[in-house]
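Asker: Please work out how this folds:
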Amino acid sequence: MLRWPKHLFSVARLRPCRCISTSPARYQKPHSALRILHLLHEPSLTPPEQKNIDKEAILKMVSPIAPNDLFVSYTTFDTEGNVTAVSQKIPKAQFLNENSLFPRDLRKVDSSSIDVAPTIMVRSENAIIVNMLHIKAIIKSDNIKIFDTANPSVATKLGLFMYDLELKLKTPSSLPYEFKALECILISVLSYLEAQLQTHLTSCGKILAELEDNINRESLQELLIKLKKLSSFFQRATLIRDVLEELLDNDEDLNGMYLTKALKYNPTDAALDYSEIEMILETYYQHCDEVVQQAGSLISDIKATEDIANIILDANRNSLMLFELKVTIYTLGFTVATLLPAFYGMNLKNYIEESFYGFGAVLAISIIQGVLITLWNFKKLHKVQTLTMMASPATTMRNKLRYHGLDGRRLHRQWLSRLLFGRKAKQMSPTQEERDVIWRMIRNDKNIR
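Answerer: From the prediction side, this is the model:
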(Lines give C-alpha, C1' and ligand atoms only; values in the text may rest on other atoms or scores of the structure.)
Protein backbone atom coordinates (compact mmCIF):
# COMPACT_ATOMS: atom_id res chain seq x y z
CA MET A 1 0.00 0.00 0.00
CA LEU A 2 1.32 3.46 -0.91
CA ARG A 3 2.34 5.69 1.96
CA TRP A 4 3.38 9.29 1.35
CA PRO A 5 5.92 11.07 3.61
CA LYS A 6 4.25 13.05 6.38
CA HIS A 7 6.36 16.13 5.77
CA LEU A 8 4.55 16.60 2.44
CA PHE A 9 1.13 16.98 4.08
CA SER A 10 1.69 20.67 4.85
CA VAL A 11 2.99 21.29 1.33
CA ALA A 12 -0.09 19.71 -0.18
CA ARG A 13 -2.34 21.87 1.99
CA LEU A 14 -0.59 25.01 0.84
CA ARG A 15 -0.49 24.02 -2.83
CA PRO A 16 -3.86 22.87 -4.11
CA CYS A 17 -3.46 21.22 -7.50
CA ARG A 18 -6.30 22.07 -9.84
CA CYS A 19 -6.58 19.62 -12.71
CA ILE A 20 -7.99 21.29 -15.79
CA SER A 21 -8.47 19.11 -18.82
CA THR A 22 -10.20 19.18 -22.13
CA SER A 23 -11.45 15.62 -21.74
CA PRO A 24 -15.03 15.13 -20.47
CA ALA A 25 -13.87 12.32 -18.21
CA ARG A 26 -11.59 14.69 -16.34
CA TYR A 27 -14.44 17.03 -15.53
CA GLN A 28 -16.33 14.16 -13.95
CA LYS A 29 -13.44 13.11 -11.69
CA PRO A 30 -11.50 16.20 -10.61
CA HIS A 31 -8.89 15.65 -7.93
CA SER A 32 -6.74 17.95 -5.86
CA ALA A 33 -4.11 17.81 -3.17
CA LEU A 34 -6.87 17.61 -0.53
CA ARG A 35 -8.29 14.52 -2.25
CA ILE A 36 -4.79 13.02 -2.29
CA LEU A 37 -4.48 13.57 1.46
CA HIS A 38 -7.89 11.95 1.93
CA LEU A 39 -6.66 8.88 0.09
CA LEU A 40 -3.56 8.79 2.24
CA HIS A 41 -5.55 8.91 5.46
CA GLU A 42 -8.02 6.27 4.20
CA PRO A 43 -6.01 3.19 3.12
CA SER A 44 -9.13 1.41 1.96
CA LEU A 45 -9.71 4.11 -0.68
CA THR A 46 -6.20 3.93 -2.10
CA PRO A 47 -6.21 2.63 -5.69
CA PRO A 48 -5.03 -0.99 -5.88
CA GLU A 49 -2.64 -0.23 -8.75
CA GLN A 50 -0.28 1.60 -6.36
CA LYS A 51 0.57 -1.46 -4.27
CA ASN A 52 3.73 -2.15 -6.26
CA ILE A 53 5.38 1.10 -5.09
CA ASP A 54 7.01 0.95 -1.69
CA LYS A 55 7.71 3.78 0.70
CA GLU A 56 11.45 3.74 0.12
CA ALA A 57 10.96 4.35 -3.60
CA ILE A 58 8.79 7.37 -2.92
CA LEU A 59 11.32 8.73 -0.45
CA LYS A 60 14.00 8.41 -3.11
CA MET A 61 11.86 10.49 -5.44
CA VAL A 62 11.87 13.44 -3.09
CA SER A 63 15.53 13.23 -2.13
CA PRO A 64 17.98 15.60 -3.84
CA ILE A 65 20.53 13.94 -6.11
CA ALA A 66 24.13 15.15 -6.28
CA PRO A 67 24.89 16.40 -9.81
CA ASN A 68 27.26 14.33 -11.92
CA ASP A 69 28.87 15.30 -15.23
CA LEU A 70 29.04 11.69 -16.47
CA PHE A 71 25.62 10.31 -15.54
CA VAL A 72 22.01 11.41 -15.67
CA SER A 73 19.50 10.50 -12.98
CA TYR A 74 15.81 10.24 -13.71
CA THR A 75 12.58 8.50 -12.71
CA THR A 76 10.47 6.81 -15.39
CA PHE A 77 6.67 6.38 -15.61
CA ASP A 78 5.11 4.08 -18.20
CA THR A 79 1.82 4.47 -20.03
CA GLU A 80 -0.16 2.97 -17.11
CA GLY A 81 1.32 5.40 -14.60
CA ASN A 82 3.56 2.81 -12.97
CA VAL A 83 7.07 3.69 -11.86
CA THR A 84 9.48 1.53 -13.84
CA ALA A 85 12.72 3.17 -12.64
CA VAL A 86 13.50 5.31 -9.61
CA SER A 87 16.51 7.63 -9.74
CA GLN A 88 18.08 5.51 -12.44
CA LYS A 89 21.62 6.57 -13.36
CA ILE A 90 23.04 5.87 -16.79
CA PRO A 91 25.91 7.46 -18.77
CA LYS A 92 24.97 10.53 -20.76
CA ALA A 93 26.25 9.12 -24.05
CA GLN A 94 24.13 5.99 -23.63
CA PHE A 95 21.09 8.08 -22.70
CA LEU A 96 21.47 10.21 -25.82
CA ASN A 97 21.81 7.17 -28.08
CA GLU A 98 18.82 5.36 -26.59
CA ASN A 99 16.54 8.39 -26.92
CA SER A 100 17.90 9.76 -30.25
CA LEU A 101 18.70 13.15 -28.74
CA PHE A 102 21.47 15.69 -29.20
CA PRO A 103 23.84 16.92 -26.47
CA ARG A 104 22.26 20.37 -26.65
CA ASP A 105 18.92 18.80 -25.73
CA LEU A 106 20.38 17.24 -22.61
CA ARG A 107 21.76 20.58 -21.40
CA LYS A 108 18.20 21.85 -21.05
CA VAL A 109 17.16 19.16 -18.58
CA ASP A 110 20.39 18.00 -16.93
CA SER A 111 20.35 18.47 -13.14
CA SER A 112 24.05 19.35 -13.11
CA SER A 113 23.51 22.48 -15.21
CA ILE A 114 22.41 25.84 -13.90
CA ASP A 115 18.84 27.05 -14.22
CA VAL A 116 17.99 28.03 -17.77
CA ALA A 117 15.03 29.77 -19.31
CA PRO A 118 11.79 27.76 -19.47
CA THR A 119 11.53 25.82 -22.71
CA ILE A 120 9.34 23.24 -24.42
CA MET A 121 11.26 21.75 -27.34
CA VAL A 122 9.59 19.38 -29.76
CA ARG A 123 11.56 16.63 -31.46
CA SER A 124 9.23 15.51 -34.24
CA GLU A 125 7.92 11.94 -33.78
CA ASN A 126 10.45 11.38 -31.02
CA ALA A 127 10.06 13.34 -27.78
CA ILE A 128 8.93 16.53 -26.07
CA ILE A 129 11.61 18.13 -23.89
CA VAL A 130 10.18 20.22 -21.05
CA ASN A 131 12.08 22.51 -18.69
CA MET A 132 9.78 24.60 -16.50
CA LEU A 133 10.71 25.78 -13.02
CA HIS A 134 11.29 22.69 -10.87
CA ILE A 135 10.28 20.17 -13.55
CA LYS A 136 12.70 18.85 -16.14
CA ALA A 137 11.26 16.01 -18.18
CA ILE A 138 11.33 14.20 -21.49
CA ILE A 139 7.95 12.98 -22.73
CA LYS A 140 7.80 10.11 -25.21
CA SER A 141 4.91 8.16 -26.65
CA ASP A 142 5.22 5.31 -24.11
CA ASN A 143 6.95 6.86 -21.06
CA ILE A 144 7.97 10.04 -19.32
CA LYS A 145 11.32 10.63 -17.67
CA ILE A 146 11.44 13.06 -14.74
CA PHE A 147 14.98 14.23 -14.04
CA ASP A 148 16.08 14.41 -10.43
CA THR A 149 17.11 17.69 -8.89
CA ALA A 150 20.11 18.71 -6.83
CA ASN A 151 18.21 21.45 -4.98
CA PRO A 152 16.78 20.26 -1.62
CA SER A 153 14.08 22.96 -1.63
CA VAL A 154 12.84 21.78 -5.03
CA ALA A 155 12.94 18.06 -4.21
CA THR A 156 9.76 18.21 -2.12
CA LYS A 157 7.77 19.96 -4.85
CA LEU A 158 9.14 17.51 -7.41
CA GLY A 159 8.07 14.54 -5.29
CA LEU A 160 4.55 15.92 -4.95
CA PHE A 161 4.42 16.43 -8.70
CA MET A 162 5.43 12.80 -9.27
CA TYR A 163 2.64 11.62 -7.01
CA ASP A 164 0.11 13.78 -8.85
CA LEU A 165 1.51 12.62 -12.21
CA GLU A 166 1.03 9.00 -11.18
CA LEU A 167 -2.61 9.60 -10.27
CA LYS A 168 -3.30 11.44 -13.50
CA LEU A 169 -1.70 8.78 -15.71
CA LYS A 170 -3.71 6.05 -13.96
CA THR A 171 -6.97 7.91 -14.57
CA PRO A 172 -8.77 6.84 -17.78
CA SER A 173 -8.90 9.60 -20.36
CA SER A 174 -9.43 10.03 -24.09
CA LEU A 175 -6.34 12.20 -24.37
CA PRO A 176 -3.11 10.71 -25.75
CA TYR A 177 -0.46 9.75 -23.24
CA GLU A 178 1.89 12.62 -24.09
CA PHE A 179 -0.88 15.19 -23.67
CA LYS A 180 -1.85 13.86 -20.25
CA ALA A 181 1.77 14.05 -19.10
CA LEU A 182 2.22 17.56 -20.51
CA GLU A 183 -1.02 18.72 -18.92
CA CYS A 184 0.08 17.44 -15.52
CA ILE A 185 3.35 19.36 -15.87
CA LEU A 186 1.50 22.56 -16.74
CA ILE A 187 -0.87 22.06 -13.80
CA SER A 188 2.03 21.71 -11.38
CA VAL A 189 3.84 24.74 -12.81
CA LEU A 190 0.79 26.99 -12.72
CA SER A 191 -0.15 25.81 -9.23
CA TYR A 192 3.33 26.80 -8.08
CA LEU A 193 2.99 30.18 -9.81
CA GLU A 194 -0.39 30.75 -8.16
CA ALA A 195 0.99 29.91 -4.73
CA GLN A 196 3.92 32.26 -5.26
CA LEU A 197 1.61 35.00 -6.51
CA GLN A 198 -0.64 34.73 -3.47
CA THR A 199 2.42 34.94 -1.23
CA HIS A 200 3.58 38.11 -2.99
CA LEU A 201 0.09 39.62 -2.90
CA THR A 202 -0.21 39.01 0.83
CA SER A 203 3.25 40.25 1.83
CA CYS A 204 3.34 43.25 -0.50
CA GLY A 205 -0.26 44.22 0.29
CA LYS A 206 0.54 44.30 3.99
CA ILE A 207 3.53 46.59 3.43
CA LEU A 208 1.54 48.89 1.13
CA ALA A 209 -1.19 49.17 3.77
CA GLU A 210 1.42 50.14 6.36
CA LEU A 211 2.89 52.79 4.07
CA GLU A 212 -0.53 54.38 3.65
CA ASP A 213 -0.60 55.09 7.39
CA ASN A 214 3.07 55.75 8.08
CA ILE A 215 6.09 56.11 5.82
CA ASN A 216 9.20 54.81 7.53
CA ARG A 217 12.59 53.57 6.47
CA GLU A 218 12.03 49.93 7.48
CA SER A 219 8.87 49.58 5.39
CA LEU A 220 10.49 51.14 2.33
CA GLN A 221 13.52 48.88 2.65
CA GLU A 222 11.33 45.80 3.01
CA LEU A 223 9.23 46.90 0.06
CA LEU A 224 12.36 47.20 -2.07
CA ILE A 225 13.35 43.63 -1.22
CA LYS A 226 9.85 42.38 -2.01
CA LEU A 227 9.90 44.27 -5.30
CA LYS A 228 13.10 42.52 -6.38
CA LYS A 229 11.61 39.10 -5.63
CA LEU A 230 8.36 40.03 -7.34
CA SER A 231 10.23 41.24 -10.43
CA SER A 232 12.07 37.92 -10.62
CA PHE A 233 8.77 36.04 -10.31
CA PHE A 234 7.19 38.26 -12.96
CA GLN A 235 10.05 37.51 -15.33
CA ARG A 236 9.74 33.75 -14.83
CA ALA A 237 5.97 33.83 -15.36
CA THR A 238 6.40 35.95 -18.48
CA LEU A 239 8.92 33.51 -19.93
CA ILE A 240 6.54 30.59 -19.34
CA ARG A 241 3.71 32.49 -21.01
CA ASP A 242 5.95 33.29 -23.98
CA VAL A 243 6.87 29.61 -24.33
CA LEU A 244 3.20 28.63 -24.54
CA GLU A 245 2.50 31.44 -26.98
CA GLU A 246 5.34 30.34 -29.26
CA LEU A 247 3.99 26.79 -29.29
CA LEU A 248 0.52 28.01 -30.23
CA ASP A 249 1.92 30.12 -33.07
CA ASN A 250 4.03 27.30 -34.54
CA ASP A 251 1.99 24.70 -36.41
CA GLU A 252 5.06 22.54 -36.99
CA ASP A 253 5.64 22.18 -33.25
CA LEU A 254 1.96 21.42 -32.67
CA ASN A 255 2.19 18.72 -35.31
CA GLY A 256 5.33 17.27 -33.73
CA MET A 257 3.70 17.01 -30.31
CA TYR A 258 1.49 14.16 -31.54
CA LEU A 259 3.69 11.22 -30.55
CA THR A 260 1.15 8.42 -30.10
CA LYS A 261 -0.51 9.13 -33.44
CA ALA A 262 2.22 10.78 -35.45
CA LEU A 263 1.05 13.26 -38.08
CA LYS A 264 2.96 14.22 -41.18
CA TYR A 265 3.38 17.98 -41.31
CA ASN A 266 2.31 19.69 -44.50
CA PRO A 267 2.00 23.50 -44.45
CA THR A 268 -0.43 23.45 -47.37
CA ASP A 269 -2.75 20.86 -45.83
CA ALA A 270 -5.71 22.62 -44.23
CA ALA A 271 -7.26 19.36 -43.01
CA LEU A 272 -4.79 18.92 -40.14
CA ASP A 273 -6.54 19.39 -36.82
CA TYR A 274 -4.61 20.28 -33.67
CA SER A 275 -7.67 21.10 -31.57
CA GLU A 276 -6.71 18.81 -28.66
CA ILE A 277 -3.27 20.23 -28.00
CA GLU A 278 -4.37 23.77 -28.91
CA MET A 279 -7.18 23.66 -26.36
CA ILE A 280 -4.80 22.45 -23.64
CA LEU A 281 -2.15 25.06 -24.42
CA GLU A 282 -4.69 27.89 -24.75
CA THR A 283 -6.25 27.02 -21.40
CA TYR A 284 -2.97 27.22 -19.54
CA TYR A 285 -1.75 30.16 -21.61
CA GLN A 286 -4.75 32.19 -20.45
CA HIS A 287 -4.19 31.02 -16.89
CA CYS A 288 -0.52 32.00 -17.03
CA ASP A 289 -1.40 35.33 -18.63
CA GLU A 290 -3.70 36.10 -15.70
CA VAL A 291 -0.84 35.42 -13.31
CA VAL A 292 1.44 37.70 -15.33
CA GLN A 293 -1.18 40.47 -15.41
CA GLN A 294 -1.75 40.30 -11.65
CA ALA A 295 1.99 40.35 -10.96
CA GLY A 296 2.44 43.28 -13.34
CA SER A 297 -0.41 45.16 -11.67
CA LEU A 298 1.16 44.58 -8.26
CA ILE A 299 4.52 45.86 -9.54
CA SER A 300 2.79 48.98 -10.88
CA ASP A 301 1.11 49.56 -7.51
CA ILE A 302 4.43 49.21 -5.71
CA LYS A 303 6.17 51.64 -8.05
CA ALA A 304 3.31 54.12 -7.75
CA THR A 305 3.52 53.87 -3.97
CA GLU A 306 7.27 54.42 -4.11
CA ASP A 307 6.79 57.50 -6.28
CA ILE A 308 4.19 58.93 -3.91
CA ALA A 309 6.40 58.19 -0.91
CA ASN A 310 9.33 59.91 -2.62
CA ILE A 311 7.15 62.94 -3.37
CA ILE A 312 6.05 63.15 0.25
CA LEU A 313 9.61 62.78 1.49
CA ASP A 314 10.79 65.46 -0.94
CA ALA A 315 8.02 67.77 0.24
CA ASN A 316 9.02 67.21 3.86
CA ARG A 317 12.65 67.81 2.96
CA ASN A 318 11.72 71.04 1.19
CA SER A 319 9.70 72.14 4.23
CA LEU A 320 12.72 71.62 6.46
CA MET A 321 14.93 73.55 4.06
CA LEU A 322 12.36 76.35 3.93
CA PHE A 323 12.21 76.49 7.71
CA GLU A 324 15.99 76.68 7.86
CA LEU A 325 16.01 79.53 5.32
CA LYS A 326 13.41 81.44 7.32
CA VAL A 327 15.48 81.08 10.47
CA THR A 328 18.52 82.30 8.55
CA ILE A 329 16.59 85.31 7.22
CA TYR A 330 15.41 86.28 10.70
CA THR A 331 18.94 85.88 12.01
CA LEU A 332 20.26 88.13 9.24
CA GLY A 333 17.60 90.73 10.05
CA PHE A 334 18.59 90.81 13.74
CA THR A 335 22.24 91.02 12.78
CA VAL A 336 21.66 94.02 10.51
CA ALA A 337 19.48 95.65 13.17
CA THR A 338 22.26 95.40 15.76
CA LEU A 339 24.94 96.71 13.39
CA LEU A 340 24.26 100.43 13.94
CA PRO A 341 24.00 100.18 17.76
CA ALA A 342 27.27 98.27 17.71
CA PHE A 343 28.98 101.22 16.04
CA TYR A 344 27.63 103.59 18.69
CA GLY A 345 28.63 101.19 21.43
CA MET A 346 32.34 101.80 20.86
CA ASN A 347 34.26 103.70 23.52
CA LEU A 348 34.78 106.68 21.20
CA LYS A 349 33.16 110.07 21.13
CA ASN A 350 30.32 110.25 18.65
CA TYR A 351 28.77 113.52 19.88
CA ILE A 352 25.35 111.93 20.32
CA GLU A 353 25.43 111.11 23.99
CA GLU A 354 24.15 114.59 24.92
CA SER A 355 21.32 114.47 22.36
CA PHE A 356 17.86 113.97 23.78
CA TYR A 357 16.63 112.11 20.66
CA GLY A 358 19.78 110.10 20.02
CA PHE A 359 18.69 106.86 21.62
CA GLY A 360 15.28 106.85 19.95
CA ALA A 361 16.73 107.71 16.54
CA VAL A 362 19.33 104.93 16.67
CA LEU A 363 16.73 102.43 17.88
CA ALA A 364 14.24 103.40 15.17
CA ILE A 365 16.82 103.27 12.38
CA SER A 366 18.07 99.87 13.57
CA ILE A 367 14.58 98.40 13.67
CA ILE A 368 13.69 99.83 10.26
CA GLN A 369 16.78 98.51 8.53
CA GLY A 370 16.35 95.08 10.16
CA VAL A 371 12.72 94.90 9.03
CA LEU A 372 13.60 96.05 5.50
CA ILE A 373 16.34 93.45 5.12
CA THR A 374 14.02 90.73 6.42
CA LEU A 375 11.17 91.71 4.08
CA TRP A 376 13.52 91.91 1.10
CA ASN A 377 14.89 88.43 1.80
CA PHE A 378 11.39 86.99 2.22
CA LYS A 379 10.42 88.50 -1.13
CA LYS A 380 13.36 86.77 -2.79
CA LEU A 381 12.46 83.52 -1.03
CA HIS A 382 8.88 83.79 -2.26
CA LYS A 383 10.10 84.12 -5.86
CA VAL A 384 12.19 81.00 -5.45
CA GLN A 385 9.23 79.11 -3.94
CA THR A 386 6.87 80.04 -6.78
CA LEU A 387 7.41 77.59 -9.65
CA THR A 388 5.37 78.27 -12.76
CA MET A 389 5.06 75.26 -15.06
CA MET A 390 2.79 76.98 -17.62
CA ALA A 391 3.87 80.59 -18.08
CA SER A 392 2.09 83.10 -20.31
CA PRO A 393 3.88 84.55 -23.39
CA ALA A 394 4.13 87.96 -21.75
CA THR A 395 5.73 86.46 -18.65
CA THR A 396 8.14 84.46 -20.80
CA MET A 397 9.11 87.60 -22.74
CA ARG A 398 9.71 89.57 -19.54
CA ASN A 399 11.88 86.77 -18.20
CA LYS A 400 13.92 86.78 -21.42
CA LEU A 401 14.38 90.53 -21.21
CA ARG A 402 15.50 90.28 -17.60
CA TYR A 403 17.90 87.48 -18.49
CA HIS A 404 19.49 89.40 -21.38
CA GLY A 405 19.47 92.71 -19.52
CA LEU A 406 17.18 94.52 -22.00
CA ASP A 407 14.43 96.95 -21.09
CA GLY A 408 11.34 97.80 -23.10
CA ARG A 409 12.57 101.16 -24.46
CA ARG A 410 15.84 99.74 -25.73
CA LEU A 411 14.05 96.85 -27.40
CA HIS A 412 11.61 99.29 -29.05
CA ARG A 413 14.49 101.40 -30.44
CA GLN A 414 16.20 98.33 -31.86
CA TRP A 415 12.98 97.21 -33.53
CA LEU A 416 12.34 100.69 -35.06
CA SER A 417 15.94 100.93 -36.35
CA ARG A 418 15.69 97.50 -37.95
CA LEU A 419 12.38 98.50 -39.58
CA LEU A 420 13.77 101.73 -41.09
CA PHE A 421 17.35 100.81 -41.98
CA GLY A 422 17.25 97.01 -42.08
CA ARG A 423 19.35 94.54 -40.16
CA LYS A 424 22.84 95.83 -39.58
CA ALA A 425 25.51 93.34 -40.50
CA LYS A 426 28.61 93.30 -38.40
CA GLN A 427 31.62 93.81 -40.67
CA MET A 428 34.99 92.81 -39.38
CA SER A 429 38.08 94.11 -41.15
CA PRO A 430 40.58 91.43 -42.18
CA THR A 431 43.89 91.10 -40.46
CA GLN A 432 47.24 91.66 -42.17
CA GLU A 433 47.76 87.94 -42.73
CA GLU A 434 44.33 87.59 -44.30
CA ARG A 435 45.06 90.56 -46.58
CA ASP A 436 48.29 88.93 -47.77
CA VAL A 437 46.47 85.69 -48.54
CA ILE A 438 43.79 87.52 -50.51
CA TRP A 439 46.41 89.50 -52.44
CA ARG A 440 48.30 86.33 -53.41
CA MET A 441 45.07 84.72 -54.59
CA ILE A 442 44.35 87.75 -56.81
CA ARG A 443 47.87 87.72 -58.27
CA ASN A 444 47.68 84.02 -59.07
CA ASP A 445 44.32 84.52 -60.76
CA LYS A 446 45.76 87.21 -63.02
CA ASN A 447 48.69 85.01 -64.02
CA ILE A 448 46.33 82.19 -64.98
CA ARG A 449 44.32 84.49 -67.23
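
Asker: what helix or strand does Gly81 sit in?
Answerer: With elements taken from DSSP states H and E, nothing contains Gly81; it lies in neither a helix nor a strand.

Asker: ugh, wrong one, I meant Ile90
Answerer: Ile90 belongs to strand 83-91, assigned by DSSP H and E.

Asker: That strand: what's the following helix or strand?
Answerer: Using DSSP H and E, the helix or strand that follows strand 83-91 in sequence is helix 92-99.

Asker: which other helices and strands contact that next one?
Answerer: Counting contacts by 3 or more C-beta pairs under 8 Å, 6 or more residues apart in numbering; DSSP states H and E, helix 92-99 packs against strand 71-78, helix 103-109. Glycine gets a C-beta too; all of them are placed from N, C-alpha and C.

Asker: ranking the ones you listed by burial, who's on top?
Answerer: strand 71-78 (a mean of 20; mean count of other C-beta atoms under 10 Å).

Asker: Name the residues that touch it?
Answerer: Residues outside strand 71-78 that contact it (C-beta atoms under 8 Å, 6 or more residues apart in numbering) are 61, 65, 83-92, 95, 106, 110-111, 138, 142-148, 162, 165-166, 169, 181.

Asker: got it, and stretch 333-347?
Answerer: 350, 352, 362-363, 365-367, 369-371, 373-374, 377.

Asker: quick one on the thing from earlier: what helices or strands is the strand holding Ile90 leaning on?
Answerer: Counting contacts by 3+ C-beta pairs under 8 Å, 6+ apart, strand 83-91 packs against helix 55-61, strand 71-78.

Asker: Which of those comes out lowest on mean pLDDT?
Answerer: Among the helices and strands packed on strand 83-91, helix 55-61 has the lowest mean pLDDT, at a mean of 49.

Asker: Can you give me the buried ones in the strand holding Ile90?
Answerer: For strand 83-91, the neighbour count (16 or more other C-beta atoms under 10 Å) marks 83, 85-86 as buried.

Asker: Give me the mean pLDDT for that strand.
Answerer: Mean per-residue pLDDT for strand 83-91: 83.

Asker: ok, now stretch 343-356?
Answerer: For stretch 343-356, the per-residue pLDDT averages 73.

Asker: in the strand or helix carrying Lys383, what counts as buried?
Answerer: Using DSSP H and E, Lys383 sits in helix 358-385. Residues 362, 366, 370, 373-374, 377 are the ones in helix 358-385 that count as buried (16+ other C-beta under 10 Å).

Asker: So which of the residues you listed sits lowest on pLDDT?
Answerer: Ranked by pLDDT, the buried residues of helix 358-385 bottom out at Val362, which has 82.

Asker: residues touching that one, list them.
Answerer: 340-341, 344, 352.

Asker: next one: Gln369
Answerer: Contact analysis of Gln369 by C-beta under 8 Å, 6+ apart lists 336-337, 339-340.

Asker: Highest neighbour count among the residues you listed?
Answerer: In terms of neighbour count, Ala337 stands highest of the contacts of Gln369 at 20 neighbours, by other C-beta atoms under 10 Å.

Asker: so what's Asp249 scoring on pLDDT?
Answerer: 87.

Asker: Domain map for the chain?
Answerer: Domains of the chain are assigned by automatic domain parsing as 55-265+273-311, 314-390, 391-423.

Asker: Report the next helix or strand after the longest helix seen in the chain in sequence order.
Answerer: Counting residues, the longest helix found in the chain (DSSP state H) is helix 275-337. For helix 275-337, the succeeding helix or strand toward the C-terminus, using DSSP H and E, is helix 339-344.

Asker: and of the buried residues of helix 358-385, the nearest to Ala237?
Answerer: Distance to Ala237 across the buried residues of helix 358-385 (C-beta to C-beta) is lowest for Asn377, with 57.3 Å.

Asker: picking up where we left off before, tell me the angle of the longest helix of the chain relative to helix 358-385?
Answerer: Relative orientation of helix 275-337 versus helix 358-385 (axes from the mean of the first three to the mean of the last three C-alpha atoms, to 10 degrees): 160 degrees.

Asker: pLDDT (mean, whole number) over helix 275-337?
Answerer: On average, helix 275-337 scores 89.
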